[in-house]
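**Q** no sequence on this one, just coordinates:
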């Protein structure tokens, strides 16, 4: 029997009406001849309520108890979804993590999958059950305690089941109808993509496109799980949404598939840093320890000063981490592990990225991008590149303008 | 290490503040040198919310899914209680039913205990944990699915753990401070009992005293678990509350320990029932099938009529089941399985009971009771007796008066 994995997030199961709506989508796939594994999140708001209770009880909480409490929201949804399917005449039952079992590491609150043995669930499909409703986001440790995967983990649960059971596809139902060339709130020329390659989706996810968890895309890429993003709130058919797949499945890919942005970026520059081997580690070690998420890093060429070579070191981080970053750097200077002339902050920048696997085989994408920005008088402050991505930092006030210009330049509103 | 079981009901863990309050009571027992098994209910209101969702999803729900959903409330409280204890420096962890495991039958929503193996929990006590916080009301079936024990099942969980672990005592913390000689709302002479025998508590519980679940008292009696009822909301010490124990522990017991009442009773009489072998079964079979909870039954002596012997058959049931009872009886008459001259209803009666193990060795308790009621001009409509209980039905308007008179007559306001 062909098998499908379908995942419904918190807003898609927010109340009994939405659970019924989701159940109808499952029923339709059963009627098409599929066995279905459904992965559900907690009803939206429930996980936050549970987290609030844990944090209200204990600031430095025991992660094992956190997991035991917080995982309960998904158990409720799984039971309710199974009941709704039964009510529709679809043979279904719920599964909690320990019942499958979903074996994970003991890293509570950020556990990783170890194995998902098929025996128990396969036996139930063989008995005539058509749907297994699995509580997402959770697993069980080797010690027999409940683990969770970290926020957004239900996407990852879905992909892991699709891999373990050789599912034909893993459909992620959410509150948007697919992956767009850019944010439709920035330009109405934004176009939904029919297909996108894993690598592109991974770059977009890590750039802040909130459609899929980065980790679930990584897992899908590794196990070649065809992943589809589509809307819970619209009528959908086999062509709906966006398919995230191997690039071989994408016949004609554009040079650039999408333009992403991240609004709340800050740029910090250490001017006149004494340049010596190990200086980067001396700067970024303390920042990492302070929990600063450093993104882009640029180091200029050295200049010769009377006291030895110096350089400028620039990095970006989220705006709300600037104070923490400054403290870490000033402490490192006070401790004598680094020395610099000045620390310059610019908290009013945004990051714009163009992403596309076509870049690998096309020269001149960067030049085209820079020309387009120059034509709009947008000054580029920092540049970094990867194999399939070019990112720049610009003044935040030009962000919308830059996204629109690049979307036009790379013809993203046109199909094919 | 001596071991104590402590159980906290829904109102005792209704919010984080009350969980903290309950945790302090646990901490105090640990400081006294006890290992403690804590049984918790769901935060008050949570179970009803979950039941509402299940019933809103499916009227004729699958009890296995009902149990999977409804048991989640206790898991949340167990985790929060463990966290609060840790925060106070008490080594504690939570246990869900399947982790212990609490083995039950497969009778979902009304499962019965099969076994509670001690190995897992004993190993944790040996590692240095002082408190095991157990989610009440739940267990796991031989098929590995979550079961529940039926409403109020957490009291029963507590007694079962006390029996399995040989606990010194099982303390049931609730919203009243003990068991009273009668309802303090009826007479301010009502007195809290220091001790009460299992058999008496069982009669009082089944008469509607809502302090303890009948089933938990039965279990405690069978395994000789000393059970104490005391308040969550007061400062308590080793003498607080009421101890429910074997009658051997009660040095001097009064003839009557308590007066119980049940307000919403109805009396129904079948007048001129054709008396023949099997007539009782022909009447009460259909009533049972219709879900009528028949309580007292009285059959008068037969009279000889021209058409054969006839009798009057009287029974009592809750007021809100009168319509259902009438329907069942009239259908039986229409079907020809019973015949009677008239069906007389009296929906304005109350039941008054006096309970005491001392009755076994004292004659004349019934006579004393009837005399006291006669002195107040209270007419007795039906009488039934058991070894340690005498119950009467009277007009409802005399209920308070009768309770007060009997409380005085048997000197229940006086100690010893």
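**A** Received the coordinates, thanks. Keep in mind the model is a prediction, meaning the values are calculated, not measured.

**Q** Tell me who's in contact with the residue of the stretch 101-250 of chain A found nearest chain B.
**A** Nearest residue of the stretch 101-250 of chain A to chain B, counting by C-beta to the nearest C-beta: residue A:144, 6.0 Å away. Every residue, glycine included, has its C-beta placed from N, CA and C. By C-beta atoms under 8 Å, 6 or more residues apart in numbering or on different chains, the contact set of residue A:144 is A:98, B:99.

**Q** Next one: it from residue A:338, what distance?
**A** Counting by C-beta to C-beta, to the nearest Å, the separation of residue A:144 from residue A:338 is 47 Å.

**Q** Likewise for residue A:316?
**A** The value you get for residue A:316 to residue A:338, if C-beta to C-beta is used, is 19 Å.

**Q** What parts of the stretch 1-150 of chain A come near chain B?
**A** A:16, A:19-20, A:50, A:53-54, A:56-58, A:61-62, A:64-66, A:68-69, A:72-73, A:75-76, A:78-80, A:82-84, A:86-87, A:93-94, A:96, A:98-99, A:144-146 (C-beta under 8 Å from any C-beta of the partner chain).

**Q** Sitting in strands, which of those do you find?
**A** In strands, defined here by DSSP state E, the members of those are A:93, A:94, A:146.

**Q** The second one is in contact with residue A:135, isn't it?
**A** In this case it means residue A:94. Yes - shown here, residue A:94 and residue A:135 form a contact pair, counting by C-beta atoms under 8 Å, at 7.2 Å.

**Q** any common contacting residues for the two?
**A** A:75, A:78.

**Q** what number of residues lie near the residue in the stretch 251-400 of chain A positioned nearest to chain B?
**A** Nearest residue of the stretch 251-400 of chain A to chain B, counting by C-beta to the nearest C-beta: residue A:291, 23.3 Å away. Residues contacting residue A:291 under the criterion other C-beta atoms under 10 Å in any protein chain shown number 10.

**Q** Just give the nearest non-adjacent residue to residue A:68, would you?
**A** In this structure, residue A:68 finds its nearest non-sequential neighbour in residue B:79, 4.2 Å apart by C-beta to C-beta, 6 or more residues apart in numbering or on different chains.

**Q** Break chain A into its domains for me.
**A** Following automatic domain parsing, one finds the domains of chain A at A:3-250, A:259-409.

**Q** mind putting these in CSV, distance to residue B:352 and mean pLDDT included?
**A** CSV is the format used below for the domains of chain A (distance: least, C-beta to C-beta, whole Å; pLDDT from 0 to 100):
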stretch, distance to residue B:352, mean pLDDT
domain A:3-250, 44, 93
domain A:259-409, 69, 90
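
**Q** highest average neighbour count across those?
**A** domain A:3-250 (a mean of 21; mean count of other C-beta atoms under 10 Å in any protein chain shown).

**Q** which residues are contacting the strand or helix carrying residue A:310?
**A** Per DSSP states H and E: residue A:310 is located in strand A:308-318. Residues outside strand A:308-318 that contact it (C-beta under 8 Å, 6+ apart) are A:264-276, A:279-280, A:283-284, A:287, A:292-303, A:325, A:340-341, A:349, A:351, A:382, A:393.

**Q** out of the residues you listed, which are inside helices?
**A** Taking DSSP state H as the definition of helices, the contacts of strand A:308-318 contribute A:279, A:280, A:283, A:284, A:287, A:325.

**Q** got the contact list for the third one?
**A** Spelled out, it's residue A:283. A:270, A:273, A:313, A:329, A:332, A:338.

**Q** at 7 Å what do you get?
**A** With contact set as C-beta atoms under 7 Å, 6 or more residues apart in numbering or on different chains, residue A:283 has these partners: A:270, A:313, A:338.

**Q** SS state for the last one?
**A** Remark: residue A:338 carries the secondary structure label coil [criterion: DSSP: H, G, I helix; E, B strand; the rest coil].

**Q** Surely it touches residue A:331?
**A** No - using C-beta atoms under 7 Å, residue A:338 makes no contact with residue A:331, being 10.0 Å away.

**Q** what's the spacing between the residue of the stretch 251-400 of chain A closest to chain B and residue A:46?
**A** Residue A:291 is 28 Å from residue A:46, where distance means C-beta to C-beta.

**Q** Next: residue A:24.
**A** The gap separating residue A:24 from residue A:46 is 22 Å, by C-beta to C-beta.
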